[in-house]
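Asks: Using only what follows, build the 3D model:
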Amino acid sequence: MADDDLADFETTTFTHDGKARTVYRAGTGPAVIVIAEMPGITPKVAAFARKVVGVGCTAVMPHLFGVPGKDPLDGGRLGALRYTMSSLVPACVSREFTIWATNRTSPVVSWLRGLAAAEHARCGGPGVGAVGMCFTGGFALAMATHPSLIAPVLAEPSLPFPLSKAHKKTIDCSSGDLEVVKGRCAAEGLQVLGLRFKGDSLSPGARFQSLRDQLGGAFVAVELDDSSANPAATMKPHSVLTEHLIDEPGQPTRAALDQVLELFRSRLLPA
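Replies: Predicted coordinates:
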């Protein structure tokens, strides 16, 4: 794909707790926070955001890392590796992202909760949706401590990096935050949707099993066979909604995408 100029998105700045970041926004209706995977807001992340717009919601993409709109494969596989590392390394040393620790919420989530609250006030509706992808997958779970977030989606959550058995079983959400989410699931009927490929070592099955153990039936897991991933992708099956999506009726990844969009439609839009 070519670079995406994001010309159909409005560019604004949102400041919370003294931290200002660029935000890309498109559409009308209740807000869905689309938190990009590593290495950033790629053309395929933007394409997913446009699908959110298509169901009648406002897609809100915060710029956390990388170059917005840049196609990571523009320079071939070697160029993609260099670009990904140029985004990943600063994130790994940043105090805003909890990369290695278990049972800890990344500090950037506080800013994202502030964004969710502001977008709820701006866009209206019963609440806000959020989808985190890969590096940011667990952010949507930790954001769900805020009452405005009523439709969280965890796409192949990859933090903490699964270096040990303990890391594989946990997600980057503190115990205290997880207890708040559990309470909302019990009291409000909050549903948490998770997506992964069964053979994905970056987002291990033990992590989803732990979420089942913690959240019970409130955690809805969609686990796809690796064979359903787009074979044209340059990496092993991982990104359900973007790089490994086969956007054709009857495809398992398309069904997963439709399930995500239906969650936003049913929770955020009036009947």
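
Asks: And the helices in the stretch 101-250 of the chain?
Replies: Assigned by DSSP state H, counting those that start in this stretch, the helices in the stretch 101-250 of the chain fall at 108-123, 139-143, 165-169, 175-188, 205-215.

Asks: and whatever helix or strand residue 258 lives in with helix 108-123, angle?
Replies: Assigned by DSSP states H and E, residue 258 belongs to helix 252-268. In terms of direction (axes from the mean of the first three to the mean of the last three CA atoms, to 10 degrees), helix 252-268 departs from helix 108-123 by 60 degrees.

Asks: What segments of the stretch 51-200 of the chain are strands?
Replies: 58-62, 128-133, 149-155, 192-197 (DSSP state E, counting those that start in this stretch).

Asks: just these: most buried one?
Replies: Burial among the strands of the stretch 51-200 of the chain, expressed as mean neighbours by mean count of other CB atoms under 10 Å, is greatest for strand 128-133, which shows a mean of 30. Just so you know, the C-beta spots here come from the backbone N, C-alpha and C atoms, and that holds for glycine as well.

Asks: Show which residues not belonging to that one make contact with it.
Replies: By CB atoms under 8 Å, 6 or more residues apart in numbering, the list of residues contacting strand 128-133 from outside reads 30-37, 45, 48, 52, 57, 112, 116, 119-120, 138-141, 143-144, 148-157, 239, 241-242, 260, 263-264, 267-268.

Asks: what is the mean pLDDT for the helix holding residue 258?
Replies: The average pLDDT for helix 252-268 rounds to 98.

Asks: got the buried residues for it?
Replies: Residues 252, 253, 256, 257, 260, 261, 263, 264, 265, 267, 268 are the ones in helix 252-268 that count as buried (16 or more other CB atoms under 10 Å).

Asks: circling back: need the helices of the stretch 101-250 of the chain in a markdown table (columns: distance to residue 197, mean pLDDT and mean neighbour count).
Replies: Shown next, in a markdown table, are these (distance: least, CB to CB, whole Å; pLDDT from 0 to 100; neighbours: other CB atoms under 10 Å):
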| stretch | distance to residue 197 | mean pLDDT | mean neighbour count |
| --- | --- | --- | --- |
| helix 108-123 | 25 | 98 | 20 |
| helix 139-143 | 18 | 98 | 28 |
| helix 165-169 | 15 | 92 | 15 |
| helix 175-188 | 24 | 97 | 15 |
| helix 205-215 | 10 | 97 | 18 |
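
Asks: Quick one: those helices as a markdown table, columns for distance to residue 228 too.
Replies: Formatted as a markdown table, the helices of the stretch 101-250 of the chain follow (distance: least, CB to CB, whole Å):
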| stretch | distance to residue 228 |
| --- | --- |
| helix 108-123 | 30 |
| helix 139-143 | 23 |
| helix 165-169 | 23 |
| helix 175-188 | 28 |
| helix 205-215 | 16 |
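
Asks: Much appreciated, bye for now.
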